[in-house]
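In: sequence and computational prediction follow.
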Amino acid sequence: MASFARSASRSLRAASRRAPSALATSAPKASYSLFAKAAATKVAHTAPAFGARGVKTLDFAGTKEVVYERSDWPLAKLQDYFKNDTLALIGYGSQGHGQGLNARDNGLNVIVGVREGGESWKQAIEDGWVPFQTLFPIEEAIKRGTIIMNLLSDAAQSQTWPTIAPLITKGKTLYFSHGFSVVFKDDTHVVPPKDVDVILVAPKGSGRTVRTLFKEGRGINSSIAVWQDVSGHAKEKAIALGVAVGSGYMYETTFEKEVYSDLYGERGVLMGGIQGMFLAQYQVLRKNGHTPSEAFNETVEEATQSLYPLIGAKGMDYMYNACSTTARRGALDWAPIFEKANLPVFEALYKSVKDGTETRKSLEYNGRATYREDLQKELDEINNQEIWRAGKVVRSLRPDYKPESE
Ligand SMILES: NC(=O)c1ccc[n+]([C@@H]2O[C@H](COP(=O)([O-])OP(=O)(O)OC[C@H]3O[C@@H](n4cnc5c(N)ncnc54)[C@H](OP(=O)(O)O)[C@@H]3O)[C@@H](O)[C@H]2O)c1
């Protein structure tokens with residue numbers, strides 16, 4: 001079953017390589033020249049991020065925040081800034097793939113460090129990294145790198161720390177895409193050396209999206225933060241690296257705020273919360289005699305295919321306005337009831353994140369030798385729930401249905 005996840009991931013990689021793009025991904029120099037040409041011609045007209053805007057203070061519903069933008073870092077400036085650096089990307093999962101290929105296409109000197117002969121090693125080769133030229137065992141890559149981008153899984157960052165810490169020597173920069181390891185240091189034991197800059201660029205989306213948006217000439221939103229500024233330039237470096245790995249807009253935060261909000265959000269509305277709401281609604285419909293298709297359509301299909309995209313496009317009021325007067329009245333009445341019922345759950349969740357309970361659970365589970373198989377068992381259980389089995393049939397009726405995408 002673990003092999004299913006891997007082969008799905010491989011197909012995604014293949015699809016991503018096949019996707020038409022202004023960028024070639026096979027060789028760094030060729031990629032850059034194509035990219036530079038596209039940026040100077042076609043992309044400049046279609047992608048607003050290449051326009052003349054720059055760092056700016058924006059008013060977010062009454063709170064002023066600084067937002068950094070890619071246009072302050074044209075390619076020539078970016079390449080000049082990192083001309084003496086080697087970006088050593090440690091780990092080649094979802095983020096390693098997206099961030100690594102983007103930085104390489106941006107013409108920077110990037111190498112990858114993963115376990116020799118492991119799954120990531122093979123996948124990196126498939127993506128054009130060359131063993132012992134741009135692809136190395138982890139320790140060798142860290143020795144060669146000046147900017148060490150720790151993109152191992154969060155549990156692996158903790159497990160490997162005793163081996164890699166002594167290699168992060170004075171003057172290097174340590175980079176993370178999650179505040180997890182350093183913020184929860186009592187549990188992870190990741191304590192960076194005192195003489196290196198420690199920075200964060202956390203893309204707000206999967207590594208696949210980091211790559212896709214970059215290839216479309218757009219860019220993902222990312223959080224940036226500084227944990228330790230030894231050089232006096234840590235923030236500037238974080239912004240530049242954010243651009244290098246494919247960010248469009250960068251929002252300043254702290255390591256703590258990033259990790260608390262991220263762990264909270266994914267356990268809440270983004271994943272766990274929505275799964276729980278879907279299931280609860282579906283079960284009540286089924287108990288009251290509704291068919292699986294009716295229960296699924298009324299719970300998931302209409303949400304994901306019709307209403308949530310409207311919220312994404314123009315906000316909650318826009319979605320309300322697109323619905324019937326009957327739907328609007330009922331939803332307006334029930335929203336505060338759901339809010340009240342959910343508030344204590346979210347309070348408990350935030351507390352569980354902040355006090356490290358969620359971190360300890362994650363380290364224990366993801367640190368097991370069998371974590372891939374254990375995860376797959378739980379995902380198989382979800383896949384076998386009636387709601388999601390019904391969903392497969394509903395999806396198969398969509399006009400654009402492609403069996404291989406299931
Ligand atoms: N995925 C996202 O959506 C996302 C979004 C924003 C930020 N982040 C953050 O980005 C970082 C990387 O996340 P990810 O999802 O890209 O990575 P991941 O898929 O969780 O991690 C994969 C990498 O970790 C390596 N690995 C696992 N156990 C190892 C061990 N014991 N020793 C050495 N290597 C080991 C794997 O190598 P093998 O193939 O050799 O096992 C693989 O290269 C994390 O800090 C994460 O929180 C992720």
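Out: That came through fine. This structure is a prediction, so every number in the text was calculated from the model and none was measured. Residues are numbered from 1 along each chain as shown.
In: from the contact counts, what lies against the helix or strand harbouring Tyr308?
Out: Using DSSP states H and E, Tyr308 maps to helix 308-314. If you count contacts as 3 or more C-beta pairs under 8 Å, 6 or more residues apart in numbering; DSSP states H and E, helix 308-314 packs onto helix 316-321. The way it works is simple: take the backbone N, C-alpha and C, and place the C-beta from them, glycine included.
In: what residues of the helix it packs on count as buried?
Out: Neighbour-count burial for helix 316-321, counted by 16 or more other C-beta atoms under 10 Å, picks out 319-320.
In: so for it, mean pLDDT?
Out: Mean per-residue pLDDT for helix 316-321: 98.
In: is the ligand contacted by the very next helix or strand once past that helix?
Out: Where DSSP H and E defines the elements, the next helix or strand beyond helix 316-321 is helix 325-354. No - Helix 325-354 stays clear of the ligand (C-beta under 6 Å from any ligand atom), getting no nearer than 13.7 Å.
In: point me to the residue of the protein nearest the ligand.
Out: Going by C-beta to the nearest ligand atom, the ligand is nearest to Gly93 of the chain, at 2.3 Å.
In: for that residue, give me the pLDDT.
Out: On the pLDDT scale, Gly93 is placed at 96.
In: ok, it touching Gly207?
Out: Yes - using C-beta atoms under 8 Å, Gly93 makes contact with Gly207 at a distance of 7.0 Å.
In: these two - which one has more neighbours?
Out: Gly207 (26 against 17; other C-beta atoms under 10 Å).
In: pretty sure the more buried one sits against Tyr92.
Out: No - here Gly207 does not reach Tyr92: they are 9.7 Å apart, not a contact under C-beta under 8 Å.
In: mind listing the shared neighbours of these two?
Out: Residues touching both Gly207 and Tyr92 (C-beta atoms under 8 Å, 6 or more residues apart in numbering): none.
In: who does whichever helix or strand Thr57 is part of touch, helix- and strand-wise?
Out: In this assignment (DSSP H and E), Thr57 forms part of strand 56-60. Contact here means 3+ C-beta pairs under 8 Å, 6+ apart; on that basis strand 56-60 packs against strand 63-69.
In: what residues does the chain have near the ligand?
Out: 91-96, 114-115, 118-120, 151-154, 156, 159-160, 177-178, 180, 202-203, 206-207.
In: run the last query once more with 8 Å
Out: Within reach of the ligand by C-beta under 8 Å from any ligand atom, the chain has these residues: 91-97, 114-115, 118-121, 123, 138, 150-157, 159-160, 176-178, 180-181, 202-207, 262, 366.
In: how about the strands of the protein, start to end?
Out: With strands called from DSSP state E, the chain shows them at 56-60, 63-69, 87-90, 110-113, 135-136, 147-150, 173-176, 197-203, 220-228, 247-252.
In: give me the contact list for the first one.
Out: It stands for strand 56-60. Applying C-beta under 8 Å, 6+ apart, the set of residues contacting strand 56-60 is 64-67, 69.
In: out of these, which end up buried?
Out: Using 16+ other C-beta under 10 Å, the buried ones in the contacts of strand 56-60 are 67, 69.
In: let me have the contacts of strand 56-60 in TSV, extended by pLDDT.
Out: Shown next, in TSV, are the contacts of strand 56-60 (pLDDT from 0 to 100):
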residue	pLDDT
Lys64	90
Glu65	90
Val66	88
Val67	93
Glu69	92
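In: picking that back up, tell me the buried residues in the helix holding Tyr308?
Out: The neighbour-count check on helix 308-314 (16+ other C-beta under 10 Å) flags Leu310 as buried.
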